[in-house]
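Novice: got a structure for you, letters missing:
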Ligand SMILES: Nc1ncnc2c1ncn2[C@@H]1O[C@H](COP(=O)(O)OP(=O)(O)OP(=O)(O)O)[C@@H](O)[C@H]1O
Ligand SMILES: [Mg+2]
């Protein structure tokens, strides 16, 4: 049977050698850029956050302009646990934050996933802004506009202090990212993940083959919420601070742009988009915020018009062509 | 006579002022080969949508294997043996042909909710998918993306997905629509090879196909049933010729 | 008490009118093409800035500057529609969202570059300053002027929509696109036309509304949510719906900020969520 070698669908489980690259890069980054570990941790956190968005956007096709709602919920949960309730053990704090975000995601999802299109877009947006207003208003708990101060972290596993250089923070973020990634990879490679792809590709057909579309979407949304919550909690724990902008529309927009630049529906898009976006931002925004904004806008337009599958999509396309042309 | 697998009684539906189903009644018994014909906009597709639950009726009852399914979700009806195809391709275009049929098979086998099991480890699902593709002569294209296939082959995928559900009642909405007649024989052979016991309703404009396929024909005009009967009977009915093809046209061989 | 009530109603109404003028074009174009255009607020913003420049720097009289700004924005929007938007008709909404967000970012950067990051005000001519006595009470002249213009626009729109051939075509196309095409309506051209008209209206709202909404480069994002709410709550492509939604939004927002300033925009979003859950397709669904 002749088969084009370039596509081997349903073989979702096997580990390809290229998959090791981002992890190698992350490990190398630790040794090569000791002065940038704080930025590095933030990048890892945004990778995690973008990956969570990928699960609902790239796999289930749910367009959310309010994914920061879940990130922020995780961040505030972890922050408040430490600052107000004295619960400063990082790992359990992380788990609790993930669960709280999961519950919030489940409840929100249960309500909004009945809708589609503009209505869904607006609901995700409205929920985030609502939460942000709420956080702003509940100053006693959240510190309002000034941000939540007084978050402290006990040593990781009782052994590793969070140091000033951010070494522990970086490795902690990397380890968490890896664990969550393995889970996410398993999920998208499962029959359930396959079903989500179906919903993205053609929701109407999924209904017609008897898929409980709403239930599958809600499950995906809840799982993504847990992941986003963990990402938010990581940010709160590693920076020992929570600013109101964890819940902002801008953060929802940023994470979506990162994901699109990297490429949706392939999990690894987050690993490309987040670093590229954040490093560019770090370098350019310092020079001139306007240039940065113009540049990112132009990049976005160009991506949508010429590389709608993102950088990974482009790479795949050229990789395939190269392989085809090779004898 | 055996009990009908699918029965529709006095189904009504209108979109605003437009009546698209007007007291429609229909029954399909095991092994039925039933054609539904009617002019454009008669409400044929809408009838399929009503039966499958995409559109909610404003009146009437739908029975599936004796159960009143009028208020059931689409998914639940499918689990009770109802499947359909679409007039306009409704496929997973970015996935491979094999993935397309496996989607239906996984759903039927209730493995689609499994979070921790690798999809490609489901050898049973994949084997069944390949078998199904062979039966409709799509196995050579199994690993190609659906959107890369020519239209005629895509129509076959459309059918194959529905067959992956192993339905007892199959509703085919113009399966050969848009396929050049030179290629449509593959589709028709697949339709003719459907399991004996399955009850099949086919919407079709081509009267040659209808005569070849159907034991019974229902004519729908403006949402209402004009007549129902054996193909020859219906084909000879002057009222049918009038509404369906214009006054002077011959029914035989009439093609849009 | 009664006084503050009246002034809230007045301010709320003025705000609502601006919201309506800006959002109505978005509603119609979304209803027509299903295109999620997040750059609509940018057209309003551009209208404001161009009017400011025309009046302040080129010395155009107020009553000429604002309409000229509308024409300029309409032209810009046609260019964008022909070159960029057109390529994404029928694409998924995500791509449309991202393309137009990209445009907004670029627009914000350009406006910051040209007009600076600070708030800019439209220079109001002397005859529109001060207060006007409406018999039972005195009102700010400029806002009264805004209302008059807005009512004129509403009536003009209603007439155009209900009584002209163009309006009939638009209604038919929003209602059932396939049907409209089969009776020979050129959807593409119709869309370009309504798109330009809608953008011009946005520019008008943007120019007139600087006194209420302010005018900074982030305007395009800040108020976008409001415009989208009007469209979503009102129902895509529905004039009546957009009007009703703008009215509710304008008044609730103004009243909320007056009586419970601590809650900021809380009410708006709470109300939006409730309304959208109650009627997911908006007040006047197709
Ligand atoms: N969701 C809907 N909303 C409003 N009108 C609809 C909807 N679905 C179908 N219609 C209208 O109902 C009528 C019947 O449509 P339907 O698709 O059932 O016809 P049909 O018999 O399948 O025609 P064809 O032979 O062209 O496939 C048409 O006029 C169509 O425009
Ligand atoms: Mg049809």
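Specialist: Thanks, I have it. Every value quoted in this text rests on a predicted model; they were computed, and no experiment measured them. Numbers count the residues shown, from 1 in each chain, chains lettered A, B, ... in the order given. Ligands and ions are numbered 1, 2, ... in the order given.
Novice: Next one: residue B:118 relative to ligand 2, how far apart?
Specialist: Distance check for residue B:118 against ligand 2: by Cβ to the ion, to the nearest Å, it reads 39 Å. Quick note: C-beta positions are derived from backbone N, CA and C, even for glycine.
Novice: Pairing partners for that residue in the sheet, please.
Specialist: Beta-bridge partners recorded for residue B:118 (DSSP bridges): residue A:190.
Novice: That one and residue A:190 touch, don't they?
Specialist: Yes: contact status for residue B:118 versus residue A:190: in contact at 6.2 Å, counting by Cβ atoms under 8 Å.
Novice: Neighbour count for those two, which is higher?
Specialist: residue A:190 (25 against 18; other Cβ atoms under 10 Å in any protein chain shown).
Novice: for that one, what are its contacts?
Specialist: Residue A:190 is in contact with B:114-119, counting by Cβ atoms under 8 Å, 6 or more residues apart in numbering or on different chains.
Novice: Confirm residue B:36 sits in a helix?
Specialist: No: counting by DSSP: H, G, I helix; E, B strand; the rest coil, residue B:36 is not found in a helix; it is strand.
Novice: Name the member of the contacts of residue A:190 with the most neighbours.
Specialist: Greatest neighbour count in the contacts of residue A:190, by other Cβ under 10 Å, goes to residue B:119: 28 neighbours.
Novice: That residue against residue A:197, yeah?
Specialist: No: between residue B:119 and residue A:197 there is no contact under Cβ under 8 Å: 9.4 Å.
Novice: so where's the stretch 1-150 of chain B uncertain?
Specialist: Flagging of the stretch 1-150 of chain B using pLDDT under 70 yields the residue ranges B:1, B:120-121.
Novice: which parts of it sit against ligand 1?
Specialist: Residues of the stretch 1-150 of chain B lying close to ligand 1 by Cβ under 6 Å from any ligand atom are B:15, B:18, B:20, B:38, B:40-46, B:87.
Novice: Can you pick out the most distant pair from those?
Specialist: By the measure Cβ to Cβ, B:18 and B:87 form the most distant pair in these, at 18.3 Å.
Novice: More neighbours: those two, which one.
Specialist: Higher neighbour count among residue B:18 and residue B:87: residue B:87, with 17 against 13, using other Cβ under 10 Å.
Novice: Now that one: closest residue in space that isn't a chain neighbour?
Specialist: Excluding its sequence neighbours, the residue lying closest to residue B:87 (Cβ to Cβ, 6 or more residues apart in numbering or on different chains) is residue B:173, at 4.2 Å.
Novice: Can you point out the buried residues in the helix or strand hosting residue B:152?
Specialist: For residue B:152, the host element (DSSP states H and E) is helix B:151-163. Within helix B:151-163, the residues that qualify as buried by neighbour count (16 or more other Cβ atoms under 10 Å in any protein chain shown) are B:152-163.
Novice: can you check stretch B:97-113 too?
Specialist: Of all the residues in stretch B:97-113, those buried under the rule 16+ other Cβ under 10 Å are B:97-109, B:111-113.
Novice: Show me what from the stretch 51-200 of chain A comes close to ligand 2.
Specialist: Within reach of ligand 2 by Cβ under 5 Å from the ion, the stretch 51-200 of chain A has no residues at all.
Novice: Taking the stretch 51-200 of chain A, what residue is nearest to ligand 1?
Specialist: Nearest residue of the stretch 51-200 of chain A to ligand 1, counting by Cβ to the nearest ligand atom: residue A:116, 14.6 Å away.
Novice: Now do the phi/psi pair for that residue.
Specialist: Backbone geometry at residue A:116, expressed as degrees, to the nearest 10, gives phi -140, psi 170.
Novice: what residues are up against it?
Specialist: By Cβ under 8 Å, 6+ apart, the contact list for residue A:116 is empty.
Novice: For the residue in the stretch 1-150 of chain A that ligand 2 sits nearest to, give its distance to residue C:179.
Specialist: The minimum distance from the stretch 1-150 of chain A to ligand 2, using Cβ to the ion, falls at residue A:116 (23.0 Å). Going from residue A:116 to residue C:179 by Cβ to Cβ, to the nearest Å gives 23 Å.
Novice: how about low-confidence regions in chain C?
Specialist: Chain C contains residues with pLDDT under 70 at C:1, C:286.
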